[in-house]
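Peer 1: this is a predicted model, with the sequence first.
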Amino acid sequence: MSSLERMLKVIDAFSQDAPVWTVDQLVDELGTSRSTAYRYVKELCEAGFLAAVGGGGYILGPRIIELDRQIRQSDPLLTLGRDLHTELLPQVGEGVLFICGLLGDDVISVYRRENPNSLDISYSRARPMPLFRGSASRVILAHLPERRLTKFFLYHRAAIEEAGLGGEWEAFRANLREIRAKPYLTGRAQVDAGVYAISAPVFDGDRHILASLTLAIPEARADAEDMDALAEIVVSGADRLSAAIAQLAEAAGARAQLTQGTTRRAG
């Protein structure tokens, strides 16, 4: 693990259940030397990622809030997702639309909109959720590169088997291959009781998995209606989101080439 990775582990230690840490606690949690922990904390405080609260304790700092504001204003998944959700919500009726992205060994909801409904779903914005349960997570997992999947299987074999995705590597690969072969994935009460979900993959400009678009509806509604029409809406929305992100990436690449060309001519 690099020095930067170890420093980022300091930030990862802070959570809703443990919002305040001392240097001594971080030493025990991360297994670093006391001098290294002090150096990391000092550098993170100077950058605004941590802040002292007295008594030797530290909390996450104001730079986190600044970055959250920047993400809300400029993250393509959010800016494009807002417009897409505004258009799709009238078509889907009772339910919740949300976008999830990959964060380490979890997925995290980055944007959520809903019509009036009685659902109580766990996918609230910025809350990490398990990677192996729920269609929103599994549709991302299935499209990850095999090298990364191998690592996931080695580290999370028990959780993968418990989730019904296979206790052996070949079974795990086969299950993910089956998911990839379909344009969308459904899940029934895999994360929250009484919830039926339809998820489709969202790709970046290089066709690498970036996120998932999910519609969650009451399970009773799924039993009473034909889900093909709703699945088509979700798949179409995910495809449009992928295309819009690809256009942004292409435009950014064109600007970079123009800048490089201007710099070479100036040189």
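Peer 2: Here it is on my side, so go on.
Peer 1: so for the protein, the centremost residue is which one?
Peer 2: Residue closest to the mean C-alpha point of the chain, counted by CA atoms, centre = their mean, is Gly101 at 2.3 Å.
Peer 1: tell me the contacts of that residue?
Peer 2: Gly101 makes contacts with 77, 107-108, 110, 140, 210-211, as judged by CB atoms under 8 Å, 6 or more residues apart in numbering. Just so you know, the C-beta spots here come from the backbone N, C-alpha and C atoms, and that holds for glycine as well.
Peer 1: distance of the closest residue to Ser33 other than its chain neighbours from Leu185?
Peer 2: Leaving aside its chain neighbours, Ser33 sits nearest to Val27 (7.3 Å; criterion: CB to CB, 6 or more residues apart in numbering). Per CB to CB, to the nearest Å, Val27 is found 43 Å from Leu185.
Peer 1: who's more crowded, the two?
Peer 2: Between Val27 and Leu185, counted using other CB atoms under 10 Å, the more crowded position is Leu185 (25 against 16).
Peer 1: list the beta-bridge partners for that one.
Peer 2: Taking DSSP bridges as the rule, Leu185 bridges to Ser199.
Peer 1: quick one: pLDDT of it?
Peer 2: Note on Leu185: pLDDT of 97.
Peer 1: the strands in the stretch 1-150 of the chain, which residues?
Peer 2: 21-22, 50-54, 57-60, 96-103, 106-114, 128-130 (DSSP state E, counting those that start in this stretch).
Peer 1: for the second one, which outside residues touch it?
Peer 2: Where contact means CB under 8 Å, 6+ apart, the residues beyond strand 50-54 that reach it are 10-11, 20, 41, 44-45, 58-62.
Peer 1: just the buried residues out of these, in PyMOL syntax.
Peer 2: What follows is the PyMOL syntax selecting those of those that are buried according to 16 or more other CB atoms under 10 Å:
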select buried, resi 10+41+44+58+60+61
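Peer 1: low-confidence ranges, this structure, go.
Peer 2: 1, 252-267 (pLDDT under 70).
Peer 1: where do the helices sit along it?
Peer 2: 3-12, 23-30, 34-46, 62-74, 76-92, 135-141, 146-162, 169-180, 219-224, 228-266 (DSSP state H).
Peer 1: closest to Pro201 out of those?
Peer 2: helix 135-141 (5.2 Å; CB to CB).
Peer 1: give me the buried positions along the closest one.
Peer 2: 135-141.
Peer 1: quick one: Leu248 from Asp24, how far?
Peer 2: Distance of Leu248 to Asp24, computed by CB to CB: 45 Å.
Peer 1: looking at those two, which one has more neighbours?
Peer 2: Using other CB under 10 Å, the more surrounded residue of Leu248 and Asp24 is Leu248, with 15 against 11.
Peer 1: surely that one touches Pro76?
Peer 2: Yes - under the contact definition of CB atoms under 8 Å, Leu248 touches Pro76, with a separation of 5.5 Å.
Peer 1: restrict stretch 4-21 to CA atoms and write it as PDB.
Peer 2: Taking Å, rounded to 0.1, in the frame of the first residue of the first chain, the C-alpha atoms of stretch 4-21 are listed here in PDB:
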ATOM      1  CA  LEU A   4      -1.200   8.000  -0.300                       C
ATOM      2  CA  GLU A   5      -3.400   5.000   0.100                       C
ATOM      3  CA  ARG A   6      -2.500   4.800   3.800                       C
ATOM      4  CA  MET A   7      -3.300   8.400   4.200                       C
ATOM      5  CA  LEU A   8      -6.700   8.000   2.600                       C
ATOM      6  CA  LYS A   9      -7.400   5.100   5.000                       C
ATOM      7  CA  VAL A  10      -7.400   7.800   7.700                       C
ATOM      8  CA  ILE A  11     -10.400   9.500   6.100                       C
ATOM      9  CA  ASP A  12     -12.100   6.100   5.600                       C
ATOM     10  CA  ALA A  13     -11.900   5.500   9.400                       C
ATOM     11  CA  PHE A  14     -14.500   8.300  10.000                       C
ATOM     12  CA  SER A  15     -18.100   7.200   9.900                       C
ATOM     13  CA  GLN A  16     -21.500   7.900  11.300                       C
ATOM     14  CA  ASP A  17     -20.800   5.500  14.200                       C
ATOM     15  CA  ALA A  18     -17.300   6.900  14.700                       C
ATOM     16  CA  PRO A  19     -17.200  10.600  13.800                       C
ATOM     17  CA  VAL A  20     -14.400  11.600  16.100                       C
ATOM     18  CA  TRP A  21     -10.900  10.000  16.200                       C
END
